[in-house]
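*Asks:* Sequence and predicted structure below; questions after.
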Amino acid sequence: MPGVPPTRERVRAYAPVFESCASESGAARLAIRRMSVDGTPLILTVDPQSLQTSLERAACWRCQETSDAAQAETRYLKALHPPQDPARPPALVNAGLIHGAGGGAFVTGDLCPSRKPLDRAFFEELAAQGPRTPVMLAVSGGWIARHGADFAWLREKARSGALDIAWANHSFSHPYVRRLPDGRNYFLRPGVDVDREIFETEKLIIAQGETPSVFFRFPGLVADAALLENVRSRHLIALGADSWLALGLRPRPGSIVLVHPNGNEPVGIKQFLRLMQSGAMPSPLRPIDEAP
Ligand SMILES: [Zn+2]
């Protein structure tokens, strides 16, 4: 389009904040980022009860700095600071929330960097369930960089009302070295700049006209306690999965289901289609905002 600057330059002065904001109409939100988009100051806000995010014009809100302690009773902060689960080993793998509240299933797809085209059959199956079928897509900057047309196709699926897509952050560079053990791989590689990994991906999502959700999925689902705290300090909820279909982990009610629709894991997509078509997927499919 003529006159539109390169997407990467649209979003500037991007900064993490934590502010309690009120609009003239009395709405209350928490702001977690400030930025300028095409020269207009915006805030990325979270509804502290529904966890829904929205980009708002900063000029329309009165904000003041707040703290995790001051917001501790909100659903959002409770999701950010879940009680310790004694049944869960302190493992590096599957970091974050792995099972959702209530029944049904939370379908999530990771778009790690890939040279293959998007697995559209997965999305067509979701769209066939009815309008606004919820799905969470954890997208990496590396995937967006190579898949402009696929990303536009997904955004159109959302705009047309076929899918209700929650955009989660799957890091910018998605560090990964083949055959290296988990404990020295992914974000545990030396030199990973967590802020850059988070913010550059959010900026890409915003530059494309979409809104980042509050969910973050670690590459490989691998993190240690320090990384978990780091992501939490940026007010993002780490998300694992208890039903990674390609690993043979079958969903049960409340499961967070994981597939890779980036072309790299056809086995998981096949399993997803089989579960959907045989009626074995717990229903209904639910939006990820309802999981914590
Ligand atoms: Zn990944």
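*Replies:* Nice, I can see it.

*Asks:* And for Arg75, the neighbour number?
*Replies:* When neighbours are counted by other C-beta atoms under 10 Å, Arg75 registers 14. Where C-beta positions appear, they are placed from N, C-alpha and C, glycine not excepted.

*Asks:* Over to the nearest residue to it once chain neighbours are set aside. Which of the three states is it?
*Replies:* Nearest residue to Arg75, sequence neighbours excluded (C-beta to C-beta, 6 or more residues apart in numbering): Gln49, at 5.1 Å. Gln49 carries the three-state label coil when classified by DSSP: H, G, I helix; E, B strand; the rest coil.

*Asks:* dump the residue contacts of the residue of the stretch 1-150 of the chain found nearest the ion.
*Replies:* Closest residue of the stretch 1-150 of the chain to the ion, C-beta to the ion: Cys112 (3.2 Å). Residues near Cys112 by C-beta atoms under 8 Å, 6 or more residues apart in numbering: 140, 142-143, 170, 174, 176, 219, 260, 262, 264.

*Asks:* Please repeat the previous calculation with a cut-off of 10 Å.
*Replies:* The contact partners of Cys112, taken as C-beta atoms under 10 Å, 6 or more residues apart in numbering, are 138-140, 142-143, 170-171, 174, 176, 217, 219-220, 260, 262, 264-265.

*Asks:* what are the phi and psi angles of it?
*Replies:* Backbone torsions of Cys112, given as degrees, to the nearest 10, read phi -70, psi 160.

*Asks:* For the longest strand along the chain, enumerate the helices and strands it packs against.
*Replies:* Under DSSP state E, the strand in the chain containing the largest number of residues is strand 11-23. Here strand 11-23 touches strand 28-37, strand 40-46, strand 61-65, helix 194-207, going by 3 or more C-beta pairs under 10 Å, 6 or more residues apart in numbering; DSSP states H and E.

*Asks:* Can I get the ones you listed in TSV including mean neighbour count?
*Replies:* TSV is the format used below for these (neighbours: other C-beta atoms under 10 Å):
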stretch	mean neighbour count
strand 28-37	20
strand 40-46	20
strand 61-65	14
helix 194-207	20
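
*Asks:* Reformat the ones you listed into CSV and put distance to the ion and mean pLDDT next to each item.
*Replies:* Converted to CSV, the helices and strands packed on strand 11-23 look like this (distance: least, C-beta to the ion, whole Å; pLDDT from 0 to 100):
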stretch, distance to the ion, mean pLDDT
strand 28-37, 23, 98
strand 40-46, 23, 98
strand 61-65, 34, 98
helix 194-207, 12, 96
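
*Asks:* okay if I get those as CSV plus distance to Leu126?
*Replies:* Conversion of the helices and strands packed on strand 11-23 to CSV gives the following (distance: least, C-beta to C-beta, whole Å):
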stretch, distance to Leu126
strand 28-37, 28
strand 40-46, 25
strand 61-65, 34
helix 194-207, 20
